[in-house]
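Asker: Output the structure for:
(chains A and B)
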2 protein chains.
Amino acid sequence: MPETTLFEGLSAFPLTPTDADGRLMPDLMRVFLTRIRDAGADSIGLLGSTGGYAYLTRAEREHAVRVAVACVGGTIPIVVGAGALRTDEAQALARDAKAAGADGLLLAPMSYAPLTDEEVFRHFEAVAQAADLPLCVYNNPTTTKFTFSPALLARLADLPNVVAAKMPFPVDGGVEAELATLRAALPDGFAIGYSGDFGAATALLAGADAWYSVVGGLLPGPALALTRAARAGDRETTARLAEAFAPLFGLFRAHGGFRVMYAMADLLGLARLEPPRPVLPLSEGVRAEVEAALARIPSA
Amino acid sequence: MPETTLFEGLSAFPLTPTDADGRLMPDLMRVFLTRIRDAGADSIGLLGSTGGYAYLTRAEREHAVRVAVACVGGTIPIVVGAGALRTDEAQALARDAKAAGADGLLLAPMSYAPLTDEEVFRHFEAVAQAADLPLCVYNNPTTTKFTFSPALLARLADLPNVVAAKMPFPVDGGVEAELATLRAALPDGFAIGYSGDFGAATALLAGADAWYSVVGGLLPGPALALTRAARAGDRETTARLAEAFAPLFGLFRAHGGFRVMYAMADLLGLARLEPPRPVLPLSEGVRAEVEAALARIPSA
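Answerer: Alright, predicted model coming up:
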């Protein structure tokens, strides 16, 4: 297995527990973080989409990073989402994360007015300069409405600090071909990982460097077992674990991992939380499906 | 011509002039607003997409409404965008707008996690209750990633205060059929207007109640001429005016009305402003195309 870098292996994305007013609940945050660290995940993806960064104020986001660093800093790398609609805000968030002790940054091109490639390039350039931390391009068209071309990723990879990309699992499933295209376009050592939990086994077996994992935020042990098996090329174990996850990942696709994770936190006995409105908790019926899906996962 | 209500006729959407830090520039705001009022537009769509509401803090948005009400309140209706990613924030913005003297609200379902119909319904219900003002559903899939079905609009129309919808011009151009579908689904008196300046003439001739106009924010006179001609059924005058606007509207489609309006403000001698980063000013080449397009519009 290759040596683990900041953007390799299992990056687990915890929920950010907040009250109805959007205030951080630090004790619950620590519960989520220590589970991930104790399971031996390779990094924490703090304040990603699963962490609901888009719904939190700058002050709450800074608070979350400080709590995380105090709790697990130095024992597991902490990569922090710095996305915001305004460039100056994203720069401030990146500086906040650096000052609070983050190990790296995730940056998604949040947008309202659809952005051009040049606008996204300049935005990333400005944020990468603002805080001297390794930065992962957070390519998540479902939430940001922006899709990175290989050519734009290559331009970004030339910027100081831009060292990794988190890709969405290709809807047509052609992840091997995509990886080949990206490897050809990007410099050696540029880490290419995937999100979209349903495609994680396929992406890792195809040689992806990392799994940016929603489920890893609450089930880091099983997610790590899948990651290790797939990265070792153990197709049989990988297939068995992927099959166990399949019903849950089907619910992620049907209802959004963000909503399902809130139900999971309760079903696992960790926390009764609600997503930030307008996002609603799952119905009782879907919640029962989540419970059944969890029962399929060994040691969940 | 039918009696003008709050959501009928020409609703002109001004830019919100801000400095590089996102602070309102009140003197310029007053310049934009008095031009619209003096031209005789039917309403001002303050803090819409053209007004860059998504890039402004709650404090700046509240300031913009106060400046607008002090400047033109009582002489032209002021409808204010209250969109936000969080429901509680949108409620607070709606209350702020009401307290500052707004006449009505526009509400777009801004989203990060893609929203379900039920989530959008509850969001609108909460905001419509928060401030007792007439509310227009702001259906703008390009920026919000959410599309309202006729069935959801009908559900929303049953809520107190929800009295109008601002629709995107249908990409396939079937606006007459869409209007018929919507009229059948929605209560009598529910106002249905269109945005998408390139389709305004077609939509108004087809019987739309309002044009939610980007260009009207800076060229209220010509936009009003088109609105009045089309609503009177004068197809010849409407066609002539639409043809004059066509090159400019082509640039809106190619580059985004938001970016083009910033160039227009300068070319019209009103203000040298830049859009909020990451959005970039147009290149010199496109700016020259905007200048040529403006020369085609009578009294622009």
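Asker: Helices of the stretch 1-150 of chain A, residue ranges please.
Answerer: A:26-39, A:58-72, A:87-100, A:117-130, A:141-144, A:150-157 (DSSP state H, counting those that start in this stretch).
Asker: so which of those comes closest to B:Leu153?
Answerer: Of all the helices of the stretch 1-150 of chain A, it is helix A:141-144 that lies closest to B:Leu153, at 24.2 Å by Cβ to Cβ. Using the backbone N, CA and C atoms, a C-beta is placed for each residue, glycine as well.
Asker: List the buried residues in the closest one.
Answerer: For helix A:141-144, the neighbour count (16 or more other Cβ atoms under 10 Å in any protein chain shown) marks A:143-144 as buried.
Asker: Lowest-scoring secondary structure element of chain A by mean pLDDT?
Answerer: helix A:141-144 (a mean of 92; mean pLDDT, DSSP states H and E).
Asker: got the contact list for that helix?
Answerer: A:49, A:54, A:83, A:108-111, A:138, A:147, A:168, B:112-114 (Cβ atoms under 8 Å, 6 or more residues apart in numbering or on different chains).
Asker: Of those, which is the nearest to B:Ala242?
Answerer: A:Ser111 (30.0 Å).
Asker: To what extent is that closest one buried, counted in neighbours?
Answerer: Here the number of neighbours of A:Ser111 (other Cβ atoms under 10 Å in any protein chain shown) works out to 21.
Asker: and if you look at A:Ile44?
Answerer: A:Ile44 has 30 nearby residues by other Cβ under 10 Å.
Asker: got a list of what the closest residue to it other than its chain neighbours touches?
Answerer: Closest residue to A:Ile44 apart from its sequence neighbours, by Cβ to Cβ, 6 or more residues apart in numbering or on different chains: A:Ile78 at 5.0 Å. By Cβ under 8 Å, 6+ apart, the residues touching A:Ile78 are A:43-44, A:46, A:65, A:68-69, A:72, A:101-104.
Asker: buried subset of these?
Answerer: Buried among the contacts of A:Ile78 by 16+ other Cβ under 10 Å: A:43-44, A:46, A:65, A:68-69, A:72, A:102-104.
Asker: TSV for these, including pLDDT?
Answerer: TSV is the format used below for the buried ones among the contacts of A:Ile78 (pLDDT from 0 to 100):
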residue	pLDDT
A:Ser43	98
A:Ile44	98
A:Leu46	98
A:Val65	98
A:Ala68	98
A:Val69	98
A:Val72	98
A:Ala102	98
A:Asp103	98
A:Gly104	98
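Asker: mind checking pLDDT for the closest residue to A:Thr202 other than its chain neighbours?
Answerer: In space, and not counting its chain neighbours, A:Thr202 is closest to A:Val175: 5.7 Å by Cβ to Cβ, 6+ apart. With respect to pLDDT, A:Val175 scores 97.
Asker: ok, now the one 10 residues further on?
Answerer: In the prediction, the pLDDT value recorded for A:Ala185 is 97.
Asker: Surely it and A:Ala151 touch.
Answerer: Yes. With contacts counted by Cβ atoms under 8 Å, A:Ala185 reaches A:Ala151, the gap being 7.0 Å.
Asker: In stretch A:36-51, which residues are buried?
Answerer: A:36-37, A:39, A:41-51.
Asker: hmm, back to that, for the helices of the stretch 1-150 of chain A, which has the smallest mean pLDDT value?
Answerer: Among these, helix A:141-144 scores lowest, with a mean of 92.
Asker: how distant is it from the center of its chain?
Answerer: 13 Å (Cα atoms, centre = their mean, to the nearest Å).
Asker: For it, output the C-alpha coordinates as CSV.
Answerer: Written as CSV, here are the backbone C-alpha positions of helix A:141-144 (Å, rounded to 0.1, in the frame of the first residue of the first chain):
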residue,chain,number,x,y,z
PRO,A,141,-21.7,19.6,-9.2
THR,A,142,-24.8,18.4,-7.4
THR,A,143,-24.4,21.1,-4.8
THR,A,144,-22.3,23.7,-6.5
